[in-house]
Structure formats: C-alpha cells, structure tokens
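[1] fold the following.
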Amino acid sequence: LTIIYMIVAVKWVLVFSDWKHWMKHKDQLAISVLAFFAGASAYVYLPLRAAKGLLINWGHPTTVQRFWDHVTGSAYRDKMFSKSFGDFFASFGKGLQVLGSNTLWLGLLLGIIGLLFLWKHHRRWAWFFTIFLGLHFLGNLFYDIVDIEVYYIPLLFVLCGPAAYGLAVLGHGKCSSLASKPALRFLVTGVVIVVVVGVSLFKGEFYWNKSNNYFAFDYAQNIFKLLPVDSSVFCMGDNQVFPLAYLQAVEAYRPDVKIFHRNGLLFHDLYGYYGENAHRPKKEVRDEVEAKYLAQAPGPVYFTEFREQSGLLGWDQYPEGLLYRLFPGNKVYRAPADPWDKYIMRGEADPSIYKEDYLTSYLVTKYSLKKGEALMTQGYGPKAAQAIEAAMASGKNIGKAQYNMRSEERRVGKECRSRWSPYH
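    Next comes the predicted model:
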C-alpha cells in the first residue's frame, strides 16, 4: 500500500506538475523510472521462493492472481478504510502522537516548516511530499488494526526530506542554499535521518530489546512439551502460529507433531484453499477437511482455540492446558495429569516486561486466563482468582484483545479483587 501512495505522488510530479521539464530531460526521467522498477523488483523473489514449497508460505503467491492479492494486502482489505468518522479525531491525535514522539516533536515541526518553504520555492517537490504524506496519513487514520504504529514508519522516513529542507533553510537563512548545493542536501538529509532513527531506537528501546522476553518461546514450548507422540495441532493467529513454526523449523523441536493453519496461509495447505477448493467458502471447506482428517488422524488432535461445533458431529472438546482436544463422543474421556505445574512462563509476574506491547500482553492474558479457568474447574479458588486477576491486569494494556474474556469471567475476576467467596 505504501508503494501505491508513492506511485500516486511520483505520477503527479512526472505528469501534472512539470511535464515539460521531464520532456526536456528524458535521461533523468528514464533513470528515475529504472530506479523505481529496480527497487520494486524485489517482489519478483516472492513467487520464485514460494514455488519451493516452504514451511511458511504466506499467501502462496505462485500465480499472477495470488501474487497480486498478496502484495496488495487482500487479507487485510476489510480493515482498510473501515474506521468510522466518529473515530477520526482520536485516530488523528494518535497519528500525531506517533510522529511527534518518534522525532522529539522537533522533526515533525521541521517537516512542516520544510513543506511550507518547498511550496514557496520548489513546488514540484512540495506536491510530491504533500501527496505521499497526506495519503499515507489519511489511510492510517481509517485503518482499523491494533498495531497501527508500525504503519507510520514509512511516514517517518519520508518526513526526513522536508525536515532536512526545513533545517537547512533555518540554518542558512537562504532558501536557495540547499537547492544550489547538492552535497549540502545529502549531508543535511543524512543528519536528519540519523537523528530520527536514533531517537526512535532510543525511545523504542523496550520494543527492540527483547533479551528478557521469553513469552512467545515459552508459550509455544508449553504447547509442545506435553503433546503425545504424533499429535496434530490446528492453530489460528500469529501469536500461536509463528512461535510454533520457529520451534519446529529452527530449534527442530517436536518434529513428530503436525501443525496446520486453519487459513492455509502457513505450513501445509491441507485445505486446498490455493488449489481445488480456491473458490469454495472457507467454513464449508474447514468442516469437510477437518472431519475427514479427524477420522484418519495418526494421533490425538488439538486446536489452539475452542472450535465451533458445526461440521464435527460426534466429537467433543476438552480443555487440556493451553489447547482443546477433540475426542470421540462415543468413548470415555480420561483427563491427563494437570499440566499447569509443568508449564513455565518466565516473566509472567513482571508487567514491566510486556507493558504497552500488544502481542506480548495478549499472550500473557491468554495464558493467565486459561490457567484461571483450569484452576477454577479443579476447585483451587484463591489460585484461580489470582490468575484471572493477572489476566485482567495485563488485559488493560491491550484494549480490544480483552474481548477474549467472557462477561462472566470478567465479573468474577473483578469481584475476586476484593475477596474470595465459596460461590467464586
């Protein structure tokens, strides 16, 4: 999507703002076009690599249609421009906060000053920066996704252009000095980029430094460690998928376990979403394929989330630690030994490790909530209250992710803050 914004901005510069200039300097135009396609050629790697049948093959971009769907973000189109106008001012404030806090507000101020001077003295580049920054910022305002901060990274880098111009203008007192000295342009722009990136790294040290954050690793290892031999796990969501993929592919941990992604984006395309079932409804395909797999599975079958009952008549679900096991309804189910005393979640009790980190807080919430549910079922009241309380505390940091708690669990957790009663 960032490239689309860039194409619109570049097209305006080439075609509408000063077409006569480019017709006189066709060599510059040719070099610019070639440079653009040289950078974009990195996308050619996607279908070449995807054709090798990888463990992680997001979107399977081996055909023209799937390649286009992948690079244009078809999986996320329903989130694009989906926010209501009622959220506009909140999103606008959030966007300014992200841009300002990552440049100490000075970079944002210099960028605005630079744009104003560009409009006065270099209209062509003013159009370019205004169109790109404006479209990108507007797109982010209506993009309904939790980790929206990362989508401002391209804005930060492009903002360095007008910020560098603004700095040079203020520093030299002449608007022509930057235009007449190419070496000065590159030097000032480089300084601004280094400062902006340095500030972002310094302020975001918590995000980049994960040396004491073992949550994703431990969560996936807890899932793997107690699975019987030749088990199968059906998963959804990045928080479970990628840690499981890492442990199995990189650490060679539990290679006997088969992992399937229910959207067919990763691991093996068991569902044929990118083959024979490409045009069928996903729910229909899931019910059919999973029922067939359950009938001939080589070992126990688990889901990382509670599976909807449709399409699996004759099967019951039982929580086993962090997973849900599918078990034939005509057989007697015997629960395994309680896994929670064998699970390890390093740093679980230290909120400073996962504060303001949506994905990590989500994992901690899920872990604590499932632990509280299990302990409550077993009659360990005070321990269950403590786990649910921990889930609610971490849930405060992740906003929408707390929807995973059902209303009854939220109410119980809230009352458990003050006391423990026999009912609870």
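[2] helices of the stretch 101-250 of the chain, residue ranges please.
    Ranges of helices in the stretch 101-250 of the chain, per DSSP state H, counting those that start in this stretch, are 106-121, 123-141, 153-172, 175-180, 182-203, 205-208, 215-225, 238-249.
[3] same question, the stretch 251-400 of the chain
    Here the stretch 251-400 of the chain has its helices, by DSSP H, counting those that start in this stretch, at 282-296, 351-354, 358-377, 381-395.
[4] okay, now the unreliable bits of the stretch 151-300 of the chain?
    Low-confidence segments of the stretch 151-300 of the chain (pLDDT under 70): 171-186, 188-189, 192, 196-197, 199-209, 267.
[5] ok, back up a step: how about the helices of the stretch 251-400 of the chain in a markdown table, adding mean neighbour count?
    In short, each C-beta sits where N, CA and C put it, glycine included. Formatted as a markdown table, those follow (neighbours: other CB atoms under 10 Å):
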| stretch | mean neighbour count |
| --- | --- |
| helix 282-296 | 15 |
| helix 351-354 | 16 |
| helix 358-377 | 21 |
| helix 381-395 | 20 |
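[6] and these as JSON lines, adding distance to residue 311?
    Shown next, in JSON lines, are the helices of the stretch 251-400 of the chain (distance: least, CB to CB, whole Å):
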{"stretch": "helix 282-296", "distance to residue 311": "3"}
{"stretch": "helix 351-354", "distance to residue 311": "36"}
{"stretch": "helix 358-377", "distance to residue 311": "24"}
{"stretch": "helix 381-395", "distance to residue 311": "30"}
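[7] to residue 154, which of these lies closest?
    helix 358-377 (20.0 Å; CB to CB).
[8] show me what the closest one is packed against.
    helix 215-225, helix 238-249, strand 315-320, helix 351-354, helix 381-395, helix 407-415 (3 or more CB pairs under 8 Å, 6 or more residues apart in numbering; DSSP states H and E).
[9] just how off-centre is the helix or strand containing residue 49 within its chain?
    Assigned by DSSP states H and E, residue 49 falls within helix 45-50. Helix 45-50 sits 22 Å away from the centroid of its parent chain (CA atoms, centre = their mean, to the nearest Å).
[10] swap in stretch 351-366?
    In terms of CA atoms, centre = their mean, the centre of stretch 351-366 is set 14 Å apart from its chain centre.
[11] mind starting the numbering at 31 from now?
    Will do, 31 is the new start, and the previous item becomes stretch 381-396.
[12] that one: end-to-end distance?
    15 Å (CA to CA, to the nearest Å).
[13] still on that earlier bit, which one of the helices and strands packed on helix 388-407 lies closest to residue 199?
    Closest to residue 199 of these is helix 381-384 (CB to CB; 42.5 Å).
[14] can you list contacts of the helix holding residue 79?
    Applying CB atoms under 8 Å, 6 or more residues apart in numbering, the set of residues contacting helix 75-80 from outside is 87, 89, 90, 91, 92, 93, 97, 100, 101.
[15] pull out the buried positions in the helix or strand that it is followed by.
    Following helix 75-80 in sequence order, the next helix or strand is helix 94-101 (DSSP H and E). Neighbour-count burial for helix 94-101 flags 96, 97, 99, 100 (criterion: 16 or more other CB atoms under 10 Å).
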